[in-house]
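> Give me coordinates for this.
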Amino acid sequence: MKKIITGITTAMLFAAVVSCSGPKKITEQEVAKAAVDAPVDELAEQKQKEFEYYFVEALKQKMFGNPQTAIQMLSTCLELDPNSSAAMYELANIHAVNNDLTSASLLLEKAISINPDNKWYKLLLAQIYQKARKFSESADLYDQLLLKEPDNLEYIYMKAALLASAERYDEAIDAYNKMEKETGVHEQISVAKQQIYVATGQIDKAFAEIQKLIDSDPTEAKYYGLLADLYQSQGDSENALKNYKKIQELDPGNGFVHFSLANYYLENGDLEKSFEETKEGFKSESVDIQTKLQLYMMLTSARTSLSEDQQEELIQILLEHHPDEALVYTIYAENLLKKNELAKARVQLLKALDIERNDYVVWERLMFIDNDLQDWEGLYKHTSDIIDLFPNQPQGYFFKAIACVQLEKFEETVDLVDEGLIYVVQNPQLKANFLMLKGEALYKQKSKEEAFKLFDKAVEIDPENYLTLNNYAYYLSVDGRNLDKAERMSGKVVERFPDNSTYLDTHAWVLFKKGDYKLAKFYMESAIKNGGDENPTLLEHYGDILFKLEKHDEAISYWERAKTSGGDSEVLLRKIQEGKYIEDPNE
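Here you go, the predicted structure:
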């Protein structure tokens, strides 16, 4: 050990000297020249200096967070001195951090063979064996360490725990007993021994271990909980309940016992009592909020039988007892979202943000809800707050740009896209979406050529962006240009989403503009069947197609349905009044 420390110290002094003029790289030619010109002793000294230089530089690179560079330098150290256990140890340490347990093990095994008295090598190898689930080998290393430090309780405990994991139960019990002689009765030891006795079917001994804890301190309530859990695991419900009740006698304010009782009643099929105890635990001031929230998440998973009303009841208890916890409102929002109550969920998220304003995840959730509700004013307001709070997050700019398009703030849309794109890194889908929105805004501002260039670029960046493909195809159809290209794009979209009424309408309208009225009729009928039967635009388009197929009465009927469903454009009213198709200049 002294030799290693001395070597490192010398190396550090050497590094300090050379660092005054900057680190000098030793070339292969210089090494070769030194080997020819120098006597044997000088050659060995030169090699030692070179080793020390690389070793210290490796430690520095490791400290600076450059593990690959450190690995290269330590490998050079081992080329210079193949028996350097210190270099092997440092290299193994890096491999262990990188989860390369095999390489780390091989290096440490060799380091120990060279320097068997170094305990740090053995401790690291024991940890690596444990991580690799080589529990016996790890336990044997602690055995070797105990030869040098027989009274080290940490080594004894680790050896016992590893022996238990290796299922060398008798040896593990012996190790725990040895430790117990030094420490006296200890909860951690007794519980570990109890678990071994249960695993080996020695139930009487398992009970004896817990009873020993109780005898050591009869006023400690949690020991009765351990005893109750053990009785419950053995099917003795009567004694389990007796000991749970004992906890309440000793510690009336113990909220955790309610959860134990809830589990007890659940396992015994009494769901009503189980839920009552759960509620009492949620009301308890002695139980921390994190425990309650974790339990709530577990209870509301798919594997449990809590009803929606019971979930609501637990949430209301949490709100009553923890009104200043933002996470409670967030969980309530998630509960509401499961029931598709978007507006109510948004109210709860806003309450959470009143408490904790800097939670970006909650803000992002809010954006999606605003978008789903098509509340463009709300989305505009909330994204303005997000951009103020998180100016480097591109999603805020993107959703605000969506709101601006819907609110016809087209100039602001262009500015938002240009600013938001600055923060898009390695996300081609988002970049394409930004370009699509800018194209939408420019198209609405009559800058059609520039808009189509942006649509082309968006599709080039993300060829599977179906929203861009759909919108681009629609605008081409409206302008009556590149209709074959529009048909290919909209056809690709409906192939992927054959039940989407909006996409089906676009494809039908492209075909209409191409004069393929029969095929347009087929797709428009599919659009109406898939949720478009009350959409005034789709109904009007279907009427247009029917008129072109000379089904004039049916066409007028669908135009009237479009009006009844909310259609109020001047062109639609003229179609109904004049009983003929009139081309809309906006389509």
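
> Please make it C-alpha for all contacts and neighbour counts, starting now.
Fine.

> Could you give the average pLDDT over stretch 134-143?
In this model, stretch 134-143 has a mean pLDDT of 95.

> For the residue nearest the centre of the chain, which three-state class applies?
The structure's the chain has its C-alpha centroid closest to V361; by CA atoms, centre = their mean the separation is 11.5 Å. Reducing the assignment at V361 to three states with DSSP: H, G, I helix; E, B strand; the rest coil gives helix.

> Show me the shaky parts of this protein.
Residues of the chain meeting the criterion pLDDT under 70: 1-43, 302-305.

> domain assignment for it?
Per automatic domain parsing, the domain ranges recorded for the chain read 1-132, 492-587.

> Name the residues of stretch 153-172 that are buried.
153, 155-169, 172 (16 or more other CA atoms under 10 Å).

> And whichever helix in the chain runs longest, how far out from the chain middle?
The residue-count maximum for a helix in the chain (DSSP state H) belongs to helix 40-63. Relative to the chain's own centre, helix 40-63 is displaced by 44 Å; criterion: CA atoms, centre = their mean, to the nearest Å.

> any idea which helix or strand carries the closest residue to D584 other than its chain neighbours?
Residue nearest to D584 in three dimensions, not counting chain neighbours: V571, with 6.2 Å by CA to CA, 6 or more residues apart in numbering. Taking DSSP states H and E as the definition, V571 sits inside helix 570-578.

> ranges for the helices of the stretch 151-300 of the chain?
153-165, 169-183, 187-199, 203-216, 221-233, 237-250, 256-267, 271-283, 289-299 (DSSP state H, counting those that start in this stretch).

> how about these in JSON lines, adding distance to N340?
Output for the helices of the stretch 151-300 of the chain, formatted as JSON lines (distance: least, CA to CA, whole Å):
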{"stretch": "helix 153-165", "distance to N340": "47"}
{"stretch": "helix 169-183", "distance to N340": "53"}
{"stretch": "helix 187-199", "distance to N340": "46"}
{"stretch": "helix 203-216", "distance to N340": "49"}
{"stretch": "helix 221-233", "distance to N340": "40"}
{"stretch": "helix 237-250", "distance to N340": "40"}
{"stretch": "helix 256-267", "distance to N340": "30"}
{"stretch": "helix 271-283", "distance to N340": "25"}
{"stretch": "helix 289-299", "distance to N340": "19"}
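
> Select, out of these, the one closest to S490.
S490 lies closest, by CA to CA, to one member of those: helix 289-299, at 42.9 Å.

> What residues sit buried inside that closest one?
Going by neighbour count (16+ other CA under 10 Å), the buried part of helix 289-299 is 289, 292-293, 296.

> and the angle for it with helix 256-267?
On the basis of axes from the mean of the first three to the mean of the last three CA atoms, to 10 degrees, helix 289-299 is oriented at 10 degrees to helix 256-267.

> what element comes up after helix 289-299 heading to the C-terminus?
That would be, after helix 289-299 and using DSSP H and E, helix 308-321.

> Check the offset of the helix or strand following that next one from the chain's centre.
Toward the C-terminus, helix 308-321 is succeeded by helix 326-338 as the next helix or strand (DSSP H and E). With CA atoms, centre = their mean as the basis, helix 326-338 stands 18 Å off its chain's centre.

> and the helix or strand following helix 326-338, what does it pack onto?
Sequence-wise, the next helix or strand downstream of helix 326-338 (DSSP H and E) is helix 342-355. Judged by 3 or more CA pairs under 8 Å, 6 or more residues apart in numbering; DSSP states H and E, helix 342-355 is in contact with helix 326-338, helix 360-373.

> Next one: the residue nearest to S237 when sequence neighbours are not counted relative to Q211, how far apart?
Distances taken as CA to CA, 6+ apart place Y231 nearest to S237, at 6.8 Å, with adjacent residues excluded. In this view, Y231 and Q211 are 12 Å apart by CA to CA, to the nearest Å.

> Kindly report the same for N239.
Applying CA to CA to N239 and Q211 gives a distance of 13 Å.

> before we move on, what about E464?
67 Å.

> Also I387?
61 Å.

> likewise I94?
46 Å.

> L319 is in contact with L327, isn't it?
No. At 10.1 Å, L319 does not count as touching L327 under the criterion of CA atoms under 8 Å.

> between the two, who's got more neighbours?
L327 (20 against 16; other CA atoms under 10 Å).

> Now that one: closest residue in space, sequence neighbours ignored.
Nearest one to L327, counting by CA to CA, 6+ apart, is A352 at 6.8 Å.

> Around that neighbour, count how many other residues there are.
For A352, using other CA under 10 Å, the count is 25.

> One more: N482?
11.

> measure the closest residue to it other than its chain neighbours to E412 for me?
Residue nearest to N482 in three dimensions, not counting chain neighbours: L476, with 6.4 Å by CA to CA, 6+ apart. Counting by CA to CA, the separation of L476 from E412 is 24 Å.

> Name the residue in those two with the higher neighbour count.
Using other CA under 10 Å as the criterion, L476 and E412 rank with L476 on top: 21 against 16.

> Confirm for me that V405 is in contact with E440.
Yes. In this structure, V405 is within contact of E440 by CA under 8 Å, at 7.4 Å.

> quick one: which of these two has more around it?
Higher neighbour count among V405 and E440: E440, with 27 against 21, using other CA under 10 Å.

> What is the burial count for A520?
26.

> about what we covered before: list the contacts of the residue nearest to L327.
Contact analysis of A352 by CA atoms under 8 Å, 6 or more residues apart in numbering lists 325-330, 362.

> hmm, try it at 7 Å
Listed by CA atoms under 7 Å, 6 or more residues apart in numbering, the contact partners of A352 are 326-327, 329-330.

> next one: L146
Counted by CA under 7 Å, 6+ apart, L146 has contacts 152, 155.

> rerun at 6 Å
Not one residue lies near L146 by CA atoms under 6 Å, 6 or more residues apart in numbering.

> does it sit in a helix or strand, and which one?
Going by DSSP H and E, L146 is in helix 135-148.

> what comes up buried for that helix?
135-139, 141-146.

> Kindly report the same for stretch 242-259.
243-247, 254-259.

> okay, those in JSON lines with distance to Q46 next?
Formatted as JSON lines, the buried residues of stretch 242-259 follow (distance: CA to CA, whole Å):
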{"residue": "N243", "distance to Q46": "74"}
{"residue": "Y244", "distance to Q46": "74"}
{"residue": "K245", "distance to Q46": "77"}
{"residue": "K246", "distance to Q46": "76"}
{"residue": "I247", "distance to Q46": "73"}
{"residue": "N254", "distance to Q46": "70"}
{"residue": "G255", "distance to Q46": "70"}
{"residue": "F256", "distance to Q46": "68"}
{"residue": "V257", "distance to Q46": "70"}
{"residue": "H258", "distance to Q46": "72"}
{"residue": "F259", "distance to Q46": "70"}
